[in-house]
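Engineer: Could you look at this predicted model? Sequence included:
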Amino acid sequence: MTMNKIMAKLRKNSKGQYTLLGVCIFLSVLMVSAFAFLYFSPTVQELLPTGGDTRKLSWLLFFVTAAGCTIFTIYGADLFFKNKSREFGVFLALGEQKRKLEVQLFKEVALILLKYVFLGILAAIPVSWLIWKAFSKMLIGADQMRYRFTPLGIAAGLLFTAFLILCIGAAGIRFVKRTNIMDILNDRRKTEMVKEIKPWTGKLGLLLIIIGLLLAMAVPQLSAHLFLQLMPPVWNLTWLISLAGLYLFLLSAVAHSGIGKKRETYYKNIISTNLMRFTARQTTRNMCVIALLIFVILISAFWGIMYYVSAFINGDNAPVDYSLHYPAAESQLTKAEIEGLADEYGVDITLYEETRALELIIRYVSRDYDDNGKYFDIETEKLASFVSASDFTRISGISVTLSSGEYRTVVGSNYQRTIWVGPDCLQAVTNPVTGDSFSPVFQGTTAFENLALMSDPFVFIISDEDYLRFSAGLDEAWMENMVFFNVKDVYSTYAFAHALQDSFIGRATALSDHLSLYDAHEEKLAAEAGKSYSYSGTCGLFDESGFQTGSWKYAPFIKVLTKQDAMQLVAVFVLLSIYISILSLTACSIMSYVRSLTVALDNKNMFADLRRLGAAKAYTERVLRIQLKKIYLFPTAAGCIIGILFAALLTFFNDMRIDVFELNMLGVVGILIVVISAVMYIMYRVSLKKAEAIAEI
């Protein structure tokens, strides 16, 4: 019988080993290639702002995907070579040349790689398209976008494939380099030195997890708010405390056993409680990876869903559907023209209001920080918008009464005071023409989303008397016109919204061609001081190819378009976050499954010895079941606990409160935990059945 025939027969008898490695390769290539096809697609790239945080996060997720796939494929390859060690060693013991065995082994691995790499890349094309089609249903206007492939996506998939082949090849070379036949034969029998694990190890691990999370997440925020001091970058190393705690907790779960008070119970379960102590460090490292993957699942899905939901409800808090503002000296759309455009598109306007705001110089207190991370207060001058109390009441429907010398600050509906500037920041208000000035008294905040978007840092409300006083002597150069109107069934007015925005931009002039943070008074002060002003120049209003409304000082608020823009901005990040979650769940399922089979393979002889000693089948089944429960239960519990703690701390310390939306998002984490637990339980049942067959129980 030739070597090829012998190897073919061995392959037939070890089909599971080859299939497992093949599935790892297939899933890795499929996931990374599909990810690359999606991310590098021109359709997706057009949704991502150039140089924005979303693009950076997407790159991060891409590398996380590649790293995760590489880890569990190498894990599968190591198990494959470990299982090949016995037959490899037997051939060497029978006198077969090592060089010949190496060639035969790499030929087999090459065949597996070629087959499953090809299938993975081939499957990635329809998978990426299906994912896009499913996700595009959740985007307003995405039905008009055509999903396109690019050679860059294919190149990225092939590059990862080449890297994966190198990693598997390196694992194979490391395997065949061993020269000691007995080491190869006994590779699966190796155990670790058993060391005593103290009973307090698990409790210490849990304590370190909590301390690490609090130090990493709570202390920086508390330091900034209470002591006005940023923590140094080295403080991020406190995350390692939680990682050390995770290791100690899982090590205790795997390797700690003590007689305790119930001696009979201990001796009855002595095998099941002590079996994993012989591979404690290896098993614990594996469990740590699984726990971290589950943490990644929760956080990726949490971020993705939170971004999507916040984008979906973006603008819903605005009481008015359409609001425009522009320099009073500019000839813009009139009420009649807007109503005519609405009639053209079959849109019913239900409310229409106009007002005029004054652009006055304010001196206010804001906050910055120095190179040492120390916050300090500064007084700044700039222009801000002011409306009268009666005009505000008319356009908002919210009654506001103010006496001369008083002011209220307009904020968003979910406003929370930040460390940078507060609503009571005003020190003085000055007429830019006459120089008339006064120091108003703060009378609280009033929520009106549409108006809050029109001025930085805030729009302010003053009494009618003060409004008349400061408008005297001002020309239109120091005023803004504001328009507010509602329509019936706003989310069905997509076509009208685009037409209105195009008409509004088309009527704009050089008077309004400014970047969103541009301020004429700040520019004047910079020029007087001989300094450059960062926001000088135009925003490209008349550049048809490069203009983006998001960078325009007078960008209109249109509820249906705001929702669409917000969703498109986060769409790719949301898609990739959910993709990461699916990938991580797949990876931890495969790693847990493989670890379960390893337990059965490594202890197959022990189970046989137990049967010979008269152990009942129920006893051996229970021993195996307890081992597999440890593999699935402890890392799943650890990952879920860390995940929900992280989400809760992140949510609270972001703005030192938890609102209804954030509570709902934490509820989503709870649902995700149930889903993960269900998937891991199914994998446990599948693993148990397969492990029982391997151990011949």
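Structural biologist: Yes, it's here. Residues are numbered from 1 along each chain as shown.
Engineer: what's the next secondary structure element after the strand or helix carrying residue 303?
Structural biologist: Element membership for residue 303 (DSSP states H and E) is helix 280-312. Using DSSP H and E, the helix or strand that follows helix 280-312 towards the C-terminus is strand 322-327.
Engineer: I'd like the mean pLDDT over that next one, please.
Structural biologist: Average pLDDT, strand 322-327: 97.
Engineer: Run the angle between the next helix or strand after that strand and strand 322-327 for me.
Structural biologist: Counting by DSSP H and E, the next helix or strand C-terminal to strand 322-327 is helix 335-344. Relative orientation of helix 335-344 versus strand 322-327 (axes from the mean of the first three to the mean of the last three C-alpha atoms, to 10 degrees): 150 degrees.
Engineer: Pull up the pairing partners for the next helix or strand after helix 335-344, direction included.
Structural biologist: Toward the C-terminal end, the helix or strand that comes next after helix 335-344 (DSSP H and E) is strand 349-369. With DSSP bridges as the test, strand 349-369 is paired with strand 375-388 (antiparallel), strand 426-430 (antiparallel), strand 479-487 (antiparallel).
Engineer: Please tell me I have it right and residue 406 contacts residue 444.
Structural biologist: No: using C-beta atoms under 8 Å as the test, residue 406 is too far from residue 444 to be in contact (9.8 Å). Quick note: C-beta positions are derived from backbone N, CA and C, even for glycine.
Engineer: So which of the two has more stuff around it?
Structural biologist: Between residue 406 and residue 444, counting by other C-beta atoms under 10 Å, residue 406 is the more crowded of the two (17 against 12).
Engineer: For the more buried one, give me phi and psi.
Structural biologist: phi -120, psi 160 (degrees, to the nearest 10).
Engineer: Using the record's assignment, carve this structure into domains.
Structural biologist: 1-190, 349-489 (automatic domain parsing).
Engineer: can you tell which of those is closest to residue 602?
Structural biologist: Residue 602 lies closest to domain 1-190 among the domains of the chain, at 5.9 Å (C-beta to C-beta).
Engineer: Can you tell me what sits against stretch 594-613?
Structural biologist: Here stretch 594-613 makes contact (C-beta atoms under 8 Å, 6 or more residues apart in numbering) with 20, 75-76, 79, 83, 188-189, 271, 275-276, 279, 283, 286, 619-620, 623-624, 627-628, 631-632, 684, 687-688, 690-692, 694-697.
Engineer: give the contact list for residue 578.
Structural biologist: Residues in contact with residue 578 (C-beta under 8 Å, 6+ apart) are 300, 301, 304, 305.
Engineer: go again using 7 Å as the cut-off
Structural biologist: 301, 304 (C-beta atoms under 7 Å, 6 or more residues apart in numbering).
Engineer: helix or strand for it, which one?
Structural biologist: helix 559-602.
Engineer: in this protein, which spans are strands?
Structural biologist: All strands of the chain, identified by DSSP state E, fall at 322-327, 349-369, 375-388, 406-411, 426-430, 437-438, 441-447, 459-462, 479-487, 557-558.
Engineer: Would you check that residue 360 makes contact with residue 469?
Structural biologist: No: proximity of residue 360 to residue 469 does not meet the contact threshold set by C-beta atoms under 7 Å, at 11.0 Å.
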